[in-house]
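> have a look at this fold, sequence not included:
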């Protein structure tokens, strides 16, 4: 396959509206559903995923939550006001050593962290993106208030995000370290990767698509442009493919999953317009897939048990996560 991506089809708002009608899953799991495509994963799927564990190797797919995170250099703001975590000690070893807290009759340390829920490795919740005035399952977007999401809060997924994970390693397939910015991954590339790596993406799976974008930024020693900038990613046309495969969730190592620049200037993140509020698809972003890529290449196994529950933050529209691939 050529290392040069095909020219991406330019989209219009009519294309988005047509996709919304074609791919709408509202009511599929009943009028009260709040978890969308996570319904595809069954108890039997989780048992089968557990059988994929053969060597007991556990790999974290998370970046560290610290001041050097992907929202940019220390002190800089990332896209749409997001910033890297701010970690503050409430009491520390120096306080204990000084004896200033000895009246409490116990010595120890405490800390707090201040951060946007989507500043690092994270899940988008189903209350994160709206289609016009509607959110997932046809609810009024005003269901998400200044007090949080009254419906579809991320806490509703607290016992989900567990099942079979499948890695499609696109740069490895193309013998590249990472894909260039603007490289659109279409359905044909995903299917080629399935054949290359001997896996088939199916109902209830969590699909992990590696672009190498994080490795490119780490090699360059700068996160400049990562949050909200140009990037390789999924083409809009993958939405139909993901719908047909009935995946539970989609994950990439980029800031926003879809290819940037976007395939239209009429809508920001058009893939998101459909994936989250229309399809109810769980979307994971900023997953660090380098170690998993190396391990899958070494043992030729591109399927594994995937365990990545969101934090049950009541009413949140996203959540940090420490996702695990277990082989």
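Happy to help now that I have it. In this text the structure is predicted, and so the values were computed from the model without any measurement.
> so residue 214 touches residue 253, yeah?
Yes: with the criterion set as C-beta atoms under 8 Å, residue 214 and residue 253 qualify as a contacting pair; they are 4.8 Å apart. (C-beta placed from N, C-alpha, C; glycine too.)
> quick one: which of the two has more around it?
Just comparing residue 214 and residue 253: by other C-beta atoms under 10 Å the higher neighbour count belongs to residue 253, 31 against 24.
> the more buried one: what's it in contact with?
Contact criterion C-beta atoms under 8 Å, 6 or more residues apart in numbering gives 210, 211, 212, 213, 214, 286, 287, 288, 289 as the residues in contact with residue 253.
> for residue 121, same thing?
If a contact means C-beta under 8 Å, 6+ apart, then residue 121 has 61, 62, 63, 284, 285, 286, 287, 288, 320, 321, 322, 323 as its contacts.
> now these: which count as buried?
Neighbour counting by 16 or more other C-beta atoms under 10 Å classes 61, 62, 63, 284, 285, 286, 287, 288, 320, 321, 323 among the contacts of residue 121 as buried.
> tell me the two of the contacts of residue 121 that are most distant?
Within those, two members stand farthest from each other by C-beta to C-beta: 285 and 322, at 14.3 Å.
> could you pull out the helices for this protein?
For the chain, the helices identified by DSSP state H occupy 13-23, 43-50, 93-98, 170-173, 187-197, 213-220, 238-245, 270-275, 290-299, in order along the chain.
> most tightly packed of those helices?
Sort those by mean neighbour count, taking mean count of other C-beta atoms under 10 Å, and helix 270-275 sits at the top with a mean of 25.
> can you tell me the closest non-neighbouring residue to residue 255?
The spatially closest residue to residue 255, leaving aside those adjacent along the chain, is residue 227, at 5.1 Å (C-beta to C-beta, 6 or more residues apart in numbering).
> that neighbour against residue 84, yeah?
No: applying C-beta under 8 Å, one finds residue 227 not in contact with residue 84, separated by 9.8 Å.
> which residues touch residue 193?
The contact partners of residue 193, by C-beta under 8 Å, 6+ apart, come to 168, 169, 170, 173.
> tell me how confident the model is about stretch 140-147, as a mean pLDDT.
Stretch 140-147 comes out with an average pLDDT of 97.
> now what about it, what contacts it?
Under C-beta under 8 Å, 6+ apart, the answer for stretch 140-147 is 127, 130, 132, 133, 134, 135, 149, 150, 151, 152, 315, 317.
> how long is that stretch end to end?
Across its full length, stretch 140-147 reaches 15 Å between end residues, using C-alpha to C-alpha, to the nearest Å.
> good, we can wrap up now.
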